[in-house]
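Novice: using only what follows, build the 3D model:
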Amino acid sequence: MVSEYVQSDQFRGARIHLCNLTGLEIRDCEVTGLKIVDCYGSDVYLGGYFERLVVNDVDVTAYVEAELDRRHPERALARNAASPEDYRAAWGAIETLWGATLDRARLLPEATLHEQVDGEWSFVETQRHLLFAGDAWLGNAVLEEEAPYHPLGFPAGGTPPEEAAKLGLTLEATPTLDEVLEPRLARMAAMRRVVDGLTAAELDRVCGRKPADSYPEQEYVVRRCLKVVLKEEAEHHRYAVRDLAVLEAGVSEPQ
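Specialist: Numbering: from 1, shown residues only. The predicted model follows:
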């Protein structure tokens, strides 16, 4: 049986020495200051957001970011958006990418779109998460809709079930891709209407709401909220196409 530690501080400041960590998985954890020294092995994989990453005394942060931007130019468009025109360009690129990727996904059996690759969200779960991101950062914070959260939305990993329930989310639901895409595409259309009408003054407007009650009490400006939507879309598209390639290979393999 695999040992599992959830929401634990028992490893904070710990030192693991002369142990066999083959197959160790660290997921959704704060790792500031993490050091792996004088270790050996193969197939080491790191995935996440690292402000600074050093491998064998070489700072590879800029290289990794530049390579990701080369492979996925929409990341830079989302990250660097400043003017209303920038936001429109970034959203246009994201719409085009998802249009092609959804066409690609529809070629796979429905059941395959619910499969997880290496413990990551399935394709359908990814669409549910992006639905929630749009509901929270656009529908609630920017547009202040009366009922912004669709029940099929999927919040960030680690969100307590009771917090999701307060928003009316049904985490245990098992919708089809088309059932998720109906509200998801409607939310994307709302984002298109917003960026089409953006002005410099609107970008600097302070929102009257937080994305959700559980978010910190701080100032939320429209430009920040829309940029979160852009970044979420860009990054999760990257994950989705990565995992789609694995799923497609599995379907094409002879049975």
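Novice: all contacts plus neighbour counts: C-alpha atoms, from now on.
Specialist: OK.
Novice: which residue packs closest to G208, ignoring adjacent ones?
Specialist: A141 (6.9 Å; CA to CA, 6 or more residues apart in numbering).
Novice: OK, contacts around the one you found?
Specialist: 207-212, 220, 225 (CA atoms under 8 Å, 6 or more residues apart in numbering).
Novice: ok so it is a helix residue?
Specialist: Yes. Secondary structure of A141 (DSSP: H, G, I helix; E, B strand; the rest coil): part of a helix.
Novice: and the gap between it and V54?
Specialist: A141 is 37 Å from V54, where distance means CA to CA, to the nearest Å.
Novice: ditto for A14
Specialist: Distance from A14 to V54, by CA to CA: 20 Å.
Novice: quick check: closest non-adjacent residue to R88.
Specialist: Nearest to R88 is V195, by CA to CA, 6+ apart, at 5.5 Å.
Novice: try L167
Specialist: Spatial nearest neighbour of L167, chain neighbours left out: Y149 (6.6 Å); criterion: CA to CA, 6+ apart.
Novice: need the three-state assignment for that neighbour.
Specialist: coil.
Novice: so it sits against G168, correct?
Specialist: Yes. Under the criterion of CA atoms under 8 Å, Y149 makes contact with G168 at 7.1 Å.
Novice: which one's more surrounded, the two?
Specialist: Shown here are Y149 and G168; by other CA atoms under 10 Å, Y149 has more neighbours (21 against 15).
Novice: with only the CA atoms kept, save the helix or strand containing the residue nearest to R88 in CSV.
Specialist: Assigned by DSSP states H and E, V195 belongs to helix 177-196. Written as CSV, here are the backbone C-alpha positions of helix 177-196 (Å, rounded to 0.1, in the frame of the first residue of the first chain):
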residue,chain,number,x,y,z
LEU,A,177,-17.8,16.5,-22.6
ASP,A,178,-20.8,18.1,-24.4
GLU,A,179,-22.6,18.7,-21.1
VAL,A,180,-19.5,20.6,-19.8
LEU,A,181,-18.9,22.5,-23.0
GLU,A,182,-22.4,24.0,-23.1
PRO,A,183,-21.6,26.3,-20.1
ARG,A,184,-17.9,26.4,-20.8
LEU,A,185,-18.4,27.8,-24.3
ALA,A,186,-21.0,30.3,-23.0
ARG,A,187,-18.4,31.6,-20.5
MET,A,188,-15.8,31.8,-23.2
ALA,A,189,-18.3,33.9,-25.2
ALA,A,190,-18.8,36.2,-22.2
MET,A,191,-15.0,36.7,-22.1
ARG,A,192,-15.0,37.6,-25.8
ARG,A,193,-17.7,40.2,-25.2
VAL,A,194,-15.7,41.7,-22.3
VAL,A,195,-12.4,41.9,-24.2
ASP,A,196,-14.1,43.3,-27.3
